[in-house]
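S.K.: when you get a sec, could you give me coordinates for this:
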Amino acid sequence: MKKIKRSQPNGITFGMVSIIFISVAIVLILTMIKIYLSNQIYYESKKVNTIQEEVNALKAEKVLLQQNVEALKFKNRVTDTIFVIDEDGQ
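M.R.: Residues are numbered from 1 along each chain as shown. Next up is the predicted model:
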């Protein structure tokens, strides 16, 4: 009597194909999530840079305004003393 061998299936099985498709889907999903997060970080950093530029401009303007205020205070004190001297001299 001859024994009949059961041969293993050759080639690609449905299980292999399904595992490949699932793996590709997982990689695509993870890639899309990474792209989305990278884009969000990029746009947020653009907003932060814009706001930082505005803050720097406002700080520079503040310095100029403080210098103007100090100049006006000095001018006011000097002119007040001149008027006081002129009034005493008359």
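
S.K.: which intervals of the protein have sub-threshold pLDDT?
M.R.: 1-10, 82-90 (pLDDT under 70).

S.K.: which residue is nearest the centroid of it?
M.R.: Compute the mean C-alpha point of the chain, and by C-alpha atoms, centre = their mean the closest residue is residue 45, 1.5 Å away.

S.K.: please report the distance of that one from residue 39.
M.R.: In this view, residue 45 and residue 39 are 11 Å apart by C-beta to C-beta, to the nearest Å. For glycine as for every other residue, the C-beta is placed from the backbone atoms N, C-alpha and C.

S.K.: swap in residue 16?
M.R.: 35 Å.

S.K.: repeat for residue 71
M.R.: With distances taken as C-beta to C-beta, residue 71 is found 49 Å from residue 39.

S.K.: next: residue 32.
M.R.: 11 Å.

S.K.: cool, and residue 49?
M.R.: With distances taken as C-beta to C-beta, residue 49 is found 16 Å from residue 39.
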